[in-house]
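Trainee: Everything below, folded, please.
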Amino acid sequence: GDVDILIDAGVTNAAHRIVDHLRQPGKIDDGKIEYLIVTHSHDDHYGGIIATDGIFDSFTVENIIDFPKSTKSPTSGNYKKYLTKRDKQVAGGAKVLDVIKMLANKTNTIEIASNITMTILDQRYYHETATTDNNYSVCTLITQLNNSYLFTKEQFS
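Mentor: Below you'll find the predicted structure:
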């Protein structure tokens, strides 16, 4: 329908393929991504978002749901670039939806459209320290009538 959700965008050098795909007729025709979910702070998940002519440079993003924690320093390399470009989106009107606050306030289920919801699921490492950023991944459940689609972290421990 009218709501576009993108979960991660691959590596930096693949950004042009992702953007080209999303610009095809019938994909993101209005130039706007309503929900961008950045699962965790590894370059192979947000590289295509921060690349020159990547997601942030090519689309307006309304809501950003990103990982609640990272083992990386906010002043290092591509992670710094991600935060800088994310903050530029925020200055342009995007909202960052804080996973921890959403869970605490029980606002972690979002109605996407009639009979479609997206729920940000709680998980252990939102509250504990992990040794890998994979474990800080945003976990999402999208439900459409009787169908559910679960997007989890890539590594279980």
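Trainee: use CA for all of it now, contacts and neighbours both
Mentor: Fine.
Trainee: so where's this protein shaky on pLDDT?
Mentor: Scanning the chain for pLDDT under 70 picks out the ranges 1, 154-157.
Trainee: Remind me what the lengthiest helix in it packs against, helices and strands.
Mentor: If you go by DSSP state H, the chain has its longest helix at helix 77-91. If contacts are counted by 3 or more Cα pairs under 8 Å, 6 or more residues apart in numbering; DSSP states H and E, helix 77-91 sits against helix 43-50, helix 55-58.
Trainee: Could I get those in TSV, plus columns for mean neighbour count and distance to Phe151?
Mentor: As requested, the helices and strands packed on helix 77-91 are arranged in TSV below (neighbours: other Cα atoms under 10 Å; distance: least, Cα to Cα, whole Å):
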stretch	mean neighbour count	distance to Phe151
helix 43-50	23	14
helix 55-58	20	20
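Trainee: among those, which is nearest Arg124?
Mentor: Nearest to Arg124, of all the helices and strands packed on helix 77-91, is helix 43-50, at 20.8 Å by Cα to Cα.
Trainee: what sits against the residue most central in space within the chain?
Mentor: Nearest residue to the geometric centre of the chain (Cα atoms, centre = their mean): Ile37, 1.3 Å. With contact set as Cα atoms under 8 Å, 6 or more residues apart in numbering, Ile37 has these partners: 5-8, 64-66, 138.
Trainee: hang on, the earlier thing: quick one: name whatever helix or strand follows the longest helix of the chain.
Mentor: Proceeding C-terminally, helix 77-91 gives way to strand 95-96 as the next helix or strand, assigned by DSSP states H and E.
Trainee: before we move on, back to that, mind checking which helix or strand the residue nearest to the centre of the chain is in?
Mentor: Following DSSP H and E, one finds Ile37 within strand 32-38.
Trainee: That strand versus helix 43-50: what angle between them?
Mentor: Here strand 32-38 points in a direction 160 degrees away from that of helix 43-50 (axes from the mean of the first three to the mean of the last three Cα atoms, to 10 degrees).
Trainee: Spit out the contact partners of Val138.
Mentor: Neighbour list for Val138: 37-40, 66-68, 99, 120-121, 152-153 [criterion: Cα under 8 Å, 6+ apart].
Trainee: can you pick the most crowded of those residues?
Mentor: When neighbours are counted by other Cα atoms under 10 Å, Thr39 leads those with 27 neighbours.
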